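Asks: my questions concern the predicted model and sequence given below.
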Amino acid sequence: MTNAASLQLSSALWGTFSALLDGPATPRALANRLGRPLAIIVQDLQRLCSQNMVIEDGTERTGRFVERRYRLPEGALQIHDQSALPLALRETERGYYRATLRQLPAAGGLVAVSVEPALMHEALTRTRHLLDELERASQPGTGVRFNLLSVGYQEDV
């Protein structure tokens, strides 16, 4: 499991990271896709690698150049960072649309309720247990994805 709880990422760094959700890529391919300078993308990838959020995945030959290829690590990715919310929303939406276009079974839902803090804590604990169980059962390469986005907060009343 990759856990980025302590890493504060800029929106540009999130952009580099989220571009790899589509699969492995070279720095040059990411730079072209994101419209950002190659040197900056290389720095982003080095920083993400140092935090184990991205790993090297071999090399690719492009003309005379041999470039490293990067990908997200296998297994679950848990990110506890408020700046990741747009990424989580985008990935959840993207997954749902891809499943719909491929006519794969997909389900989505939203539960928005006000509950006592103790019940919210219990729900989050049960959700963590479910995620741990799903991660243990994970079978990379099966093509089946499960995304779960949960947000707990206290409203001002």
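Replies: Good, I have the coordinates. Model, not experiment: these values are computed from the prediction.
Asks: any weak-confidence spans in this structure?
Replies: Along the chain, the parts satisfying pLDDT under 70 run over 1-11, 75-84, 87, 139-145, 147, 149-157.
Asks: and the helices in it, which stretches?
Replies: 11-19, 27-34, 38-50, 85-101, 117-136 (DSSP state H).
Asks: among those, which is nearest residue 59?
Replies: Distance to residue 59, taken as CB to CB, is lowest for helix 27-34 among the helices of the chain, at 11.5 Å. (C-beta placed from N, C-alpha, C; glycine too.)
Asks: could you give the angle of that closest one to helix 38-50?
Replies: 110 degrees (axes from the mean of the first three to the mean of the last three CA atoms, to 10 degrees).
Asks: rewinding a little: dump the helices of the chain into a markdown table; add distance to residue 60 as well.
Replies: A markdown table is the format used below for the helices of the chain (distance: least, CB to CB, whole Å):
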| stretch | distance to residue 60 |
| --- | --- |
| helix 11-19 | 16 |
| helix 27-34 | 8 |
| helix 38-50 | 14 |
| helix 85-101 | 24 |
| helix 117-136 | 30 |
